[in-house]
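Sequence first, predicted coordinates after that:
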Amino acid sequence: MMPIVADGMAAGLENRVVMLVFKCLAVGGGFLVGYLLGYGLAWALNRWVFAYKAPGQLKSACAILAGVGLAIVVALFVFGEGGRGLFGGGGPAEGTGVTAPDDRSPTPPPRPEKKDDPPPPQEEPLTPPQPADVLVHVTILGGSDVPNDDEKFYLIDDDPSRKTFSELKDAILKRQAQKKGTVGIVIHFRPKNAPSLDPPHYSISQLTRWAKETAKVDVTFAANR
């Protein structure tokens, strides 16, 4: 039994010695690489910056400082926590019985539906607007149908006499006072000599604005007449 234990201890000591030698060689290699890099950097500075006027001690000092700095970095890596993964494996020790915690939270069970839950409220259908009881058909003219720019843009129903906006308003208000129920305006355009629609001619905009804001009359657009 004792020889087996002694052999195990010797093998473990040998492994630690070999590992220590490797780490020291790594530190020495880091110093050598840093020294060469520092010397090259000092040479470049002396050539491109100082125009070969820098003292020789500057190159030696830069090389030594760079070598020592890189050697310290390598030493911190191989003799610190990083050295475990490099030379001895960085995973958890086998046989310790320690398992990584499971970060996944358990899925909550589905919420059972309650039979006594009230059904969702039903949305009431929107009531469509009622059509007007009396419709006034207004044809808006444009182009050569309005000669001499006399502002008489409007025809009412089948009356061929053109009317100004003021005359049109009086006629609609009179129709509204005589008839029972709601009054609506249907706007028509002729296939030719129609007013501008984009942007709308003021003969259109002034009628629709007055009908909606002042007379409180619904306005719709129909096909060309």
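Sure thing, it's come through. Owing to the predicted nature of the structure, the values given are computational and were not obtained by experimental measurement.

Quick one: list the elements packing against the helix ranked longest in the chain.
The residue-count maximum for a helix in the chain (DSSP state H) belongs to helix 2-48. Helix 2-48 sits against helix 56-79, with contacts defined as 3 or more Cβ pairs under 8 Å, 6 or more residues apart in numbering; DSSP states H and E. Where C-beta positions appear, they are placed from N, C-alpha and C, glycine not excepted.

by how many degrees do the longest helix of the chain and helix 56-79 diverge?
Angle between the axes of helix 2-48 and helix 56-79 is 150 degrees (criterion: axes from the mean of the first three to the mean of the last three Cα atoms, to 10 degrees).

Check which residues of stretch 184-193 are buried.
Buried residues in stretch 184-193, counting neighbours by 16 or more other Cβ atoms under 10 Å, are found at 184-187, 189-190.

Return the alpha-carbon coordinates of that stretch using PDB.
Listed next in PDB are the C-alpha coordinates belonging to stretch 184-193 (Å, rounded to 0.1, in the frame of the first residue of the first chain):
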ATOM      1  CA  GLY A 184     -79.200  66.600 -47.700                       C
ATOM      2  CA  ILE A 185     -77.100  68.000 -50.500                       C
ATOM      3  CA  VAL A 186     -75.900  65.900 -53.300                       C
ATOM      4  CA  ILE A 187     -73.100  67.500 -55.300                       C
ATOM      5  CA  HIS A 188     -72.700  66.800 -59.000                       C
ATOM      6  CA  PHE A 189     -70.100  67.700 -61.600                       C
ATOM      7  CA  ARG A 190     -70.400  67.800 -65.400                       C
ATOM      8  CA  PRO A 191     -68.000  65.600 -67.400                       C
ATOM      9  CA  LYS A 192     -66.600  68.800 -69.100                       C
ATOM     10  CA  ASN A 193     -65.800  72.200 -67.600                       C
END
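
And the average pLDDT for that stretch is what?
Per-residue pLDDT over stretch 184-193 has a mean of 88.
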